[in-house]
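Engineer: Predicted coordinates and the sequence they were generated for:
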Amino acid sequence: MIIDEIMKKKVITLTPDATIEQAMQTLSTHSIRHIPIVDEQKNIVGIISDRDIRDVSPSILHSDEHLEDLQKEISTIMKRNVITAHPLDFVEEVSRLFYEHHIGCLPIAEDNKIVGIVTETDLLHTLVELMGAHQPSSHIEIRVQNITGQLADVASIFKKNHVNINSVLVYPCKDEQYKILVFRIQTIDPRRIIEAIKKEGYDVIWPLLPGENDES
């Protein structure tokens, strides 16, 4: 899935000469947490967050003091080194940017002109949908040898037992000889398919059936 499919295309922006007070009002009016700052050609020149605004706003105990600070231009507080993504970037690539840079939103740009925006909430909702976690389903984890063909072999067991797979993830294992296959399947009671997987010699590490101990 590409970012163009999930990004908000109606982006609330301000120009660098807008005041801090205007930014406060904009955040409140639109119930948003970030505002990209653009020039007259819609080129991205900065970004501000509600936290940036809070850091320069008078506290409740001193609400009548330093009001002149609110009339300063947001260019004085905006972050100028803006991380952006392209509409054709994949969701997982953009997720990595959020993870590596600890950011809450990401402007989407073409030729440095803003065309959309994605927030961490947008990404979370998308990843939940991609994993099928929003649908009635069961979660199964299987430890397999780290060799070619294991995913296809295990998937064939689901096919033989007429169980639909909603999503598949592959995780590394502490022991590099193995990897963890995580299936979300379209059934509420996974006991029958778990038994079928075990009969084929695979190690189901979650869920544990009654009477089993987790020795992994």
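Structural biologist: Perfect, I can see it now. Numbers count the residues shown, from 1 in each chain.

Engineer: tell me the pLDDT at the most centrally placed residue in the chain?
Structural biologist: For the chain, the residue nearest the mean C-alpha position is residue 123 (3.1 Å; Cα atoms, centre = their mean). The confidence metric pLDDT takes the value 93 at residue 123.

Engineer: List the single closest residue to it in space, sequence neighbours excluded.
Structural biologist: Nearest residue to residue 123, sequence neighbours excluded (Cβ to Cβ, 6 or more residues apart in numbering): residue 95, at 5.6 Å. Using the backbone N, CA and C atoms, a C-beta is placed for each residue, glycine as well.

Engineer: Which helix or strand contains that neighbour?
Structural biologist: helix 91-101 (DSSP states H and E).

Engineer: residues of the one helix or strand the residue nearest to the centre of the chain maps to that come out buried?
Structural biologist: Following DSSP H and E, the helix or strand that holds residue 123 is helix 120-131. For helix 120-131, burial by neighbour count (16 or more other Cβ atoms under 10 Å) applies to 122, 123, 126, 131.

Engineer: picking that back up, okay but the residue nearest to residue 123 is in contact with residue 124, surely?
Structural biologist: No - under the criterion of Cβ atoms under 8 Å, residue 95 makes no contact with residue 124, lying 9.4 Å away.

Engineer: circling back to that earlier point, and the residue nearest to residue 123, how close does it get to residue 106?
Structural biologist: 10 Å (Cβ to Cβ, to the nearest Å).

Engineer: More neighbours: which of those two?
Structural biologist: Neighbour count, other Cβ atoms under 10 Å: between residue 95 and residue 106, residue 106 has more, with 28 against 17.

Engineer: Would you agree that one is in contact with residue 85?
Structural biologist: Yes - Residue 106 is in contact with residue 85 according to Cβ under 8 Å; the separation is 5.3 Å.

Engineer: Give me the common contacts of the two.
Structural biologist: 94, 97, 118 (Cβ atoms under 8 Å, 6 or more residues apart in numbering).

Engineer: Including pLDDT, neighbour count and distance to residue 26, could these go into a markdown table?
Structural biologist: Formatted as a markdown table, the shared contacts of residue 106 and residue 85 follow (pLDDT from 0 to 100; neighbours: other Cβ atoms under 10 Å; distance: Cβ to Cβ, whole Å):
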| residue | pLDDT | neighbour count | distance to residue 26 |
| --- | --- | --- | --- |
| 94 | 94 | 22 | 24 |
| 97 | 95 | 16 | 25 |
| 118 | 97 | 23 | 19 |
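
Engineer: would JSON lines of these with distance to residue 181 be doable?
Structural biologist: Putting the shared contacts of residue 106 and residue 85 into JSON lines (distance: Cβ to Cβ, whole Å) gives the following:
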{"residue": "94", "distance to residue 181": "25"}
{"residue": "97", "distance to residue 181": "27"}
{"residue": "118", "distance to residue 181": "29"}
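
Engineer: out of the residues you listed, who's nearest residue 28?
Structural biologist: Residue 28 has its nearest neighbour among the shared contacts of residue 106 and residue 85 in residue 118, at 21.6 Å by Cβ to Cβ.

Engineer: Now name the helix or strand holding the closest one.
Structural biologist: Using DSSP H and E, residue 118 falls in strand 113-119.
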